[in-house]
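[1] Build the 3D model from these lines:
(one chain, ligands or ions: 1)
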Amino acid sequence: MMGYMKDTITQLKNTALEAIAAANSLKETEELRIIYFGKKSPFTDILKSLKNLSTEEKRKIGPLANSAKIEVQEALKAKTEALESQFDAESEWIDVTAPGDKKNSGHLSPLTIVQRDIEEIFTSMGFEIADGPEVETEFYNFDAVNVPADHPARDMQDTFWAKNAVSKDSSEKECEQFVLRTHTSSVQVRYMELHTPPYRIIIPGRVFRQEATDASHEHTFHQFEALVVGDDVSVANFLSVAETFFSQFFGKKLKIRLRPSYFPFVEPGFEFDISCTNCGGKGCSSCQQTGWLEIGGAGMVHQNVLVAAGYERDQYTGFAWGFGMERLAMMKYKIDDVRHFHSGDIRFTKQF
Ligand code: FA5
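    Numbers count the residues shown, from 1 in each chain. As a prediction, the model looks like this:
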């Protein structure tokens, strides 16, 4: 019996060691682990059958079975580790000559580029950048800038009114409706209330109008307002600032032309044009042969606006202008349709 058991143990050990030596993958070593050390392990069977032997025999066969088991266990462990390190080396291998993964980086919208250009030019002229809410009270969007409740300009600006909204504004202008601001002029009186002249600011921002959209009209677009208030601010100051800004923005010397116009918040008011950036004023298809490009509205701040902000009438003078950033970007980059800006089309954005 003892001789038979010895042979069985030796044979089991040799077969296991051979199988382990021949294993070529972690899958195979795992299969061998289950065969030799799983629930139905032949080593366990041998150890269990020791109970049929005499004490003397147990003393000899027991250690033999144990050492065979340990030898096989260690061989299996060594083989598994060898295969694992071989696997790691394979998975971590890097082909340094392979072309890299190209990352798709984003791109600034032409509108952001234009806004940054505008801000840079104006801050270099000593202007500050101011901001205000896009959801605005009726007061700051209309009344404060001299557009009373029955004024037709409220219709002209195709306002989005917020339904049943009541202002809880700290300025105690109670029971007003909210509007999506129709122009950046809404920030004028907000700023004036908190500051004492002299000051010069620009207010870039998003505005909203209930427009039937077309190539030059969007319902959501951007304006930037310029506002200068002080003791002796004149139209000459406006002309000088406008000429400096537009010449720098378009990178060439431009002329400014004023035409009389009407906006409730300025007196006198005017539309202003710049000499055509394409032909320099000779006349071409971009300027309909006129030599001029229409830019936007401007004027001397109406005294009613300064009074609405809490200043004394005729204490200060100022100028203001406001125009569309999309329209400016369209002129600079020759974009033919304002709706491209919000299209989300990467082919458009990537061109700038
Ligand atoms: C105003 O909004 C006045 N607040 C401007 C102003 C400020 C005048 C201070 C005087 C003093 P207007 O509605 O014309 O004015 O708009 C100004 C500019 O916004 C236009 O010249 C144009 O460039 C742009 N704009 C107006 N409507 C749209 C639109 N639907 N889509 C794109 N741009 C527009």
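[2] and the protein, which residues reach the ligand?
    When proximity is defined as CB under 6 Å from any ligand atom, the chain approaches the ligand at 183, 185, 209, 211, 217-218, 221, 223, 225, 263, 265-266, 296-299, 320-324, 326-327, 338. (Glycine included, C-beta is placed from N, CA and C.)
[3] which regions of the protein sit below the pLDDT cut-off?
    The model of the chain has pLDDT under 70 over residues 1-2, 87-91, 155-157, 164-176.
[4] could you pull out the helices for it?
    2-22, 26-37, 42-49, 55-91, 110-124, 138-141, 153-156, 186-194, 235-250, 303-308, 325-333, 346-349 (DSSP state H).
[5] quick one on the thing from earlier: just the buried ones among the residues of the chain next to the ligand, please.
    Applying 16 or more other CB atoms under 10 Å to those, the neighbour count classes 183, 185, 209, 218, 221, 223, 225, 263, 265-266, 296-299, 320-324, 326-327, 338 as buried.
[6] quick one: which of the residues you listed sit in strands?
    Among those, the members found in strands (DSSP state E) are 221, 223, 225, 266, 296-299, 320-324.
[7] for those, which one is nearest residue 77?
    residue 221 (71.5 Å; CB to CB).
[8] and residue 342, how many neighbours does it have?
    15 (other CB atoms under 10 Å).
[9] mind listing what it touches?
    The contact partners of residue 342, by CB atoms under 8 Å, 6 or more residues apart in numbering, come to 218, 220.
[10] What are the structural domain limits within the chain?
    2-85, 110-349 (automatic domain parsing).
[11] ranking these by burial, who's on top?
    Each of the domains of the chain was scored by mean neighbour count; the highest is domain 110-349, a mean of 17, by mean count of other CB atoms under 10 Å.
[12] now do the same end-to-end measure for it.
    Here the two ends of domain 110-349 are set 7 Å apart, with distance taken as CA to CA, to the nearest Å.
[13] now do stretch 213-226
    For stretch 213-226, the end-to-end distance is 26 Å (CA to CA).
[14] quick one on the thing from earlier: now for the helices of the chain, which one comes closest to residue 271?
    So among the helices of the chain, helix 235-250 is nearest, using CB to CB, at 12.1 Å.
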